[in-house]
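[1] I need the structure of the sequence given here:
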Amino acid sequence: MARQKDPFAWFEQARFGMFIHWGIHALLGRGEQVLFRERLDQSEYERLADRFNPRRFDADAWARAACEAGMKYMVLTTKHHDGYCLFDSALTDYTSAKRAAGRDLVAEYVTACRRHRIRVGFYYSLGDWRFPAYFDGPSKDPRGFARFRRYIHGQVEELCTRYGRIDVLWFDGGWPHDAAAWRAAALDRMIRRHQPHVMINDRLHGGGVGNVKPVGAASKRLCGYFDTAEQRPATDTGLARPIEMCRTTHDTWWGICRHDRLNMTPARAISLLTGAAHRGANLLLNVGPKADGTFPPFFARILKETGRWTGVNGESIYGSAAGILDTRTLGTTTVRGSSLYLHVLYWPGRSATLYGLANRVRSARILGRRGKIRVEQSGLHTVLHDLPARPPDPQCTVIRLDVRGRPREDPSVVHLWEQGRDLESLSAWASRAAR
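    Next up is the predicted model:
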């Protein structure tokens, strides 16, 4: 009998996605949490829904831009902590469909993603700052919190049943309550009944690097779940789950911040992508669209440059495994089959040295250029000779090394500050210093 295809395998092959934080907060342009951070009047803030009418929003343009940038999936905030919904909910009138916009913006987004063969992701915040019961919690107001929780579960079910297949459910906002308070296990069962193949992040059940306190074995689930590394490098959780790094392109905020002068550059975005892939993780790169539904110019520049770069170097990212070797003086690495990819962020000039590669190199070349690189190997040193004096790609040049067997690091290599290892080889190396 033929083996079934793994329905979750796509996630770790994708490596690159777009996060979108959008809502009525964009009218104020001070980040997605302005309601809470400034303790704005709830009634006045809610009236923004009667002004939010993004006439220039073109979901097809969003999906096309993501596709051309080399992104394989998108995750849109269907509801953030302020409670405003970009989808048509039967449980509240506080939605884009029932207020000024008069449109189910999530439906338009889903249709566009499918047209461009982009995987569909929904962000949903369990928290809602409009409900006193959210702050009171189940111990202080058990009936109120139960009603609130039914509302949350009901909206998640709407998202799971009205838009066809969903590829990612990205939960947030669960603090300060634990997974038991949210009845996360029951919510999970309902989700899986409607969407058996959806990837769910750790913030529903907790564990890993989530922000919901875990309860029981649910936090240890592996197949169909992934861990979230927010605004920091991915680290091993010990659970063998996929990991996704999510990063703002503003200095701090996820929603648009009009006066931010510390926005991300294309070079930084490419560095984050290669760094995520080096750790065997995905990069979910965020944008806060403007209130009219268009992307800020600086983000459009990022998309254009990452698209150019992935068009040449995508084989070193998509479907890659975590990198090997300590190559920090040059950049990062990834592995695919019998190829080792070196992402050179810091161009060394005419030659480059790698230490610790256990394999013999059969050939080496720069992606996007003709000709091979001369390679010299002695012991654990691999030296690449006759490189261009200047980097062929100003953002990040990728060198592909085809080796015998699966690329691996020699087990004798000891890393800086590594604990619990025999340091005899380093002692012998130090003894060769001139005194």
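
[2] Would you map the helices across the chain?
    9-14, 34-37, 42-46, 59-68, 105-115, 132-140, 142-161, 184-194, 266-278, 297-313, 424-430 (DSSP state H).

[3] Mind pulling up the pLDDT for Leu28?
    With respect to pLDDT, Leu28 scores 98.

[4] just the one 3 residues further on next, same as before
    Reported pLDDT at Gly31 in the predicted model: 97.

[5] For it, give me its contacts.
    Neighbour list for Gly31: His25, Arg37, His250, Thr252, Trp253, Trp254, Gly255, Ile256, Cys257, Gly288 [criterion: Cβ atoms under 8 Å, 6 or more residues apart in numbering]. C-beta here means a position set from N, CA and C on the backbone, and glycine is covered the same way.

[6] let's see it at 7 Å
    Trp253, Gly255, Cys257 (Cβ atoms under 7 Å, 6 or more residues apart in numbering).

[7] Also Leu401?
    Ser339, Leu340, Leu342, Val361, Ala364.

[8] from what I can see the third one touches Thr334, true?
    No. Applying Cβ atoms under 7 Å as the test, Leu342 and Thr334 come out as separate, 8.8 Å apart.

[9] How about Thr249, nearest residue that isn't a chain neighbour?
    Met264 (4.1 Å; Cβ to Cβ, 6 or more residues apart in numbering).

[10] What distance do you get for Arg130 to Tyr94?
    8 Å (Cβ to Cβ, to the nearest Å).

[11] Near the closest residue to Arg421 other than its chain neighbours, how many other residues are there?
    Nearest non-adjacent residue to Arg421, counting by Cβ to Cβ, 6+ apart: Val414, 5.0 Å away. Val414 has 14 neighbours, counted by other Cβ atoms under 10 Å.

[12] next one: phi and psi at Val414?
    phi -110, psi 130 (degrees, to the nearest 10).

[13] Show the model's pLDDT score for it.
    In this model, Val414 carries a pLDDT of 85.

[14] Leu222 now?
    80.

[15] With adjacent residues omitted, what lies nearest to it?
    Closest to Leu222 by Cβ to Cβ, 6+ apart is Arg241, at 5.5 Å.

[16] The one you found is in contact with Thr228, isn't it?
    No. Counting by Cβ under 7 Å, Arg241 does not reach Thr228; the two are 10.2 Å apart.

[17] ok, the spatially most central residue of the chain to Ala66 distance?
    By Cα atoms, centre = their mean, the chain has its centre lying nearest to Leu284, at 2.3 Å. To Ala66, Leu284 is 11 Å away according to Cβ to Cβ.

[18] close enough to count as contact, Ala358 and Ser412?
    No. Under the criterion of Cβ under 7 Å, Ala358 makes no contact with Ser412, lying 9.0 Å away.

[19] Neighbour count: the two, which is higher?
    In this view Ala358 and Ser412 are compared by other Cβ under 10 Å, and Ala358 has more residues nearby, 18 against 12.

[20] Under the pLDDT cut-off, which ranges of the chain? List them.
    Regions of the chain meeting the criterion pLDDT under 70 cover residues 1-4, 207-219, 236-239, 434-435.

[21] Now Trp10. Nearest residue, chain neighbours left out?
    Trp10 sits nearest to Arg119 (Cβ to Cβ, 6+ apart), 6.8 Å away.

[22] Might you report the residue contacts of the one you found?
    Taking Cβ under 7 Å, 6+ apart, one finds Trp10, Ala14, Lys72, Tyr73, Asp167, Val168 in contact with Arg119.

[23] If we use 8 Å, what do you get?
    With Cβ under 8 Å, 6+ apart, Arg119 has these contacts: Trp10, Ala14, Gly17, Lys72, Tyr73, Met74, Cys113, Asp167, Val168.

[24] Residues in a beta bridge with the last one, which ones?
    The residues listed as beta-bridge partners of Val168 by DSSP bridges are Gly121, Met199.

[25] Distance of it relative to Gly255?
    20 Å.

[26] Equivalent analysis for the third one, please.
    Remark: distance between Gly17 and Gly255 (Cβ to Cβ) = 18 Å.

[27] on that earlier part again, just want to know which of Val168 and Gly255 has more residues nearby.
    Gly255 (27 against 22).

[28] Could you find the closest non-adjacent residue to that one?
    Glu32 (3.0 Å).

[29] Wait, the one you found touches His25, no?
    Yes. In terms of Cβ atoms under 8 Å, Glu32 counts as a neighbour of His25; the distance is 5.1 Å.

[30] Between those two, point out the one with more neighbours.
    Neighbour totals were compared for Glu32 and His25, and His25 leads with 28 against 24 (other Cβ under 10 Å).

[31] Can you pull the domain assignment for the protein?
    10-316, 323-403 (automatic domain parsing).
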